[in-house]
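Fold the following for me, if possible:
(one chain, ligands or ions: 1)
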Amino acid sequence: MIPVAKPLIGEEEINAITEVMRSGNIAEGEGVKAFETAFAGYIGTSYAVAVNSGTAALHVALLAHNIKEKDEVITTPFTFIASANSVLFTGARPVFADIEEESFNIDPESIVEKITARTRAIIPVHLYGQAADMKSIMKIAEDYNLAVIEDACQAHGATYGGKMAGSFGTGAFSFYPTKNMTTGEGGMITTNDKNVAERSRMIRSHGSKQRYYHEMLGFNLRMTDIAAAIGSVQLGKLEGFNEARIKNAEYLSSRLSKIKGLRVPSVGESRRHVFHQYTIRLKGGSAVRDNVASLLNKRGIGTGIYYPLPVHRQPFYKKSGCNYSLPVSERAAEEVLSLPVHPAVSRSDLDSIAGALKEILTG
Ligand SMILES: *Cc1c(COP(=O)(O)O)cnc(C)c1O
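Got it, this is the predicted structure:
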């Protein structure tokens, strides 16, 4: 089976963990600090704050920006549920804008339509490893005085206009094993705002700067030095991983682009797409898509559907008043199919994937 995602853990990661375990300092300590400094350096922000998941990074970032009850936060429904749940955690209301047909990312025009007097923030998601339209989004944020929290959980190393995803507003990254780099579980907040960084550090650790003196309500969302040790090694490998993903994606597109009824992913202007997912679109709706997926699976090719049900259609979101239609997102949910392009996929794997798809779709 060629899996659709696979973490690449080598001897370096294993040795790094062993060293931490032998040191006896296994919770948050110097290892986390070193990982934060290296990650901030990579993204190009003044600060990075490590937490124990991407979900925590989003939650903490919103709280650090003082998002609370009665506020509205605009985001995309075509994402992993954590992007929107993080808004619910704060007591604020998620409001969904529709996406762009080509990029699958939030549509700036739709954002503007959803702005009200209560809107406080926008959460663009850099889906599949490709940056959202950050030029337009930052302009809207400036015009309406809104915070921007970038869900960069799938976009480690993606750029827009030469600038890293996660460095435009406040960034939130995930290091779950399926992502472009991993720490097992883990997350990171990136920012140039000293106040946001300071508040984030406090919120992740029971609202304290100094141990046992608590200035606000916080949580325990800390990363361990064990996870940070894995992260520091993985960060050193990230550019290599991303280059392999990009090369695999380009090759697959060259093999698939002429097949009828199938659309290969497009890379938008001024962007470096790091292909967290390589997602094609199949004409004919979910029955066709699901059938193609099952035929590929039978031939040993793993696939993924990200995401089969947009967030505004999830039962508990529907119940809480999301009774509107977002047609571009709803159609995408029925037509997308992700194929393996991660660094462990070989050229011959890609040939098998392309050959199988050609057979299935052209008979
Ligand atoms: C993975 C992911 C998250 C959540 O990250 P976790 O580390 O699993 O909590 C949030 N948003 C998006 C878009 C993701 O892909």
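
Asn220 is in contact with Gly207, correct?
No: counting by C-beta atoms under 8 Å, Gly207 does not reach Asn220; the two are 10.7 Å apart. For glycine as for every other residue, the C-beta is placed from the backbone atoms N, C-alpha and C.

how far away is the closest residue to the ligand within the chain from Gln154?
For the chain, the residue positioned closest to the ligand under C-beta to the nearest ligand atom is Gly54, at a distance of 2.5 Å. Noted for Gly54: a distance of 9 Å to Gln154, by C-beta to C-beta, to the nearest Å.

Pick out the least confidently modelled helix or strand of this structure, by mean pLDDT.
The weakest-scoring helix or strand in the chain, judged by mean pLDDT, DSSP states H and E, is helix 315-319 (a mean of 89).

which bits of the chain sit near the ligand?
Within reach of the ligand by C-beta under 6 Å from any ligand atom, the chain has these residues: 53-55, 79-80, 82-83, 125, 151, 153-154, 174, 176, 187.

rewinding a little: restricting to C-alpha, output the least confident helix or strand of the chain in CSV.
C-alpha atoms of helix 315-319 as CSV (Å, rounded to 0.1, in the frame of the first residue of the first chain):
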residue,chain,number,x,y,z
PRO,A,315,-24.5,18.6,12.7
PHE,A,316,-23.5,20.7,15.7
TYR,A,317,-22.7,23.7,13.6
LYS,A,318,-26.0,23.4,11.7
LYS,A,319,-27.8,23.3,15.0
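
Domain map for the protein?
Following the assignment in automatic domain parsing, the chain carries domains at 11-233, 238-362.

okay if I get the ones you listed as JSON lines plus mean neighbour count?
Putting those into JSON lines (neighbours: other C-beta atoms under 10 Å) gives the following:
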{"stretch": "domain 11-233", "mean neighbour count": "21"}
{"stretch": "domain 238-362", "mean neighbour count": "17"}
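
any chance of those domains in JSON lines, plus distance to Ile2?
Shown next, in JSON lines, are the domains of the chain (distance: least, C-beta to C-beta, whole Å):
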{"stretch": "domain 11-233", "distance to Ile2": "15"}
{"stretch": "domain 238-362", "distance to Ile2": "5"}
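
For Met1, which of these is the nearest?
Nearest to Met1, of all the domains of the chain, is domain 238-362, at 5.0 Å by C-beta to C-beta.

Could you look up the SS state of Leu252?
helix (DSSP: H, G, I helix; E, B strand; the rest coil).

Could you report the distance from it to Thr55?
Note on Leu252: its distance to Thr55, by C-beta to C-beta, is 30 Å.

could you say what helices and strands the least confident helix or strand of the chain packs with?
Using 3 or more C-beta pairs under 8 Å, 6 or more residues apart in numbering; DSSP states H and E, no helix or strand is in contact with helix 315-319.

how about the helices in this protein?
Assigned by DSSP state H, the helices in the chain fall at 11-23, 30-43, 54-64, 82-89, 108-114, 134-144, 194-203, 225-256, 286-298, 315-319, 327-335, 347-362.

where among those is the average confidence lowest?
Note on the helices of the chain: lowest mean pLDDT is at helix 315-319, with a mean of 89.

coming back round to it: kindly reformat the helices of the chain as a markdown table containing distance to Glu72.
Converted to a markdown table, the helices of the chain look like this (distance: least, C-beta to C-beta, whole Å):
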| stretch | distance to Glu72 |
| --- | --- |
| helix 11-23 | 41 |
| helix 30-43 | 28 |
| helix 54-64 | 12 |
| helix 82-89 | 9 |
| helix 108-114 | 8 |
| helix 134-144 | 12 |
| helix 194-203 | 20 |
| helix 225-256 | 34 |
| helix 286-298 | 31 |
| helix 315-319 | 14 |
| helix 327-335 | 18 |
| helix 347-362 | 42 |
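
Which of those sits closest to Tyr160?
helix 134-144 (4.6 Å).

Tell me which other helices or strands the closest one touches.
Applying 3+ C-beta pairs under 8 Å, 6+ apart, we find helix 134-144 packed against helix 108-114, strand 119-123, strand 147-151.

These: which one's closest to Asp225?
Set against Asp225 and scored by C-beta to C-beta, the helices and strands packed on helix 134-144 come closest in strand 147-151, at 26.0 Å.

List the contacts of that closest one.
Strand 147-151 is contacted from outside by 54, 58, 61-62, 65, 67, 75, 79, 83, 120-126, 132, 134, 137-138, 141, 165-166, 168-172, using C-beta atoms under 8 Å, 6 or more residues apart in numbering.

Now find how far off-centre that strand is within its chain.
The chain centroid and the centroid of strand 147-151 are separated by 12 Å, computed with C-alpha atoms, centre = their mean, to the nearest Å.

Good, we can wrap up now.
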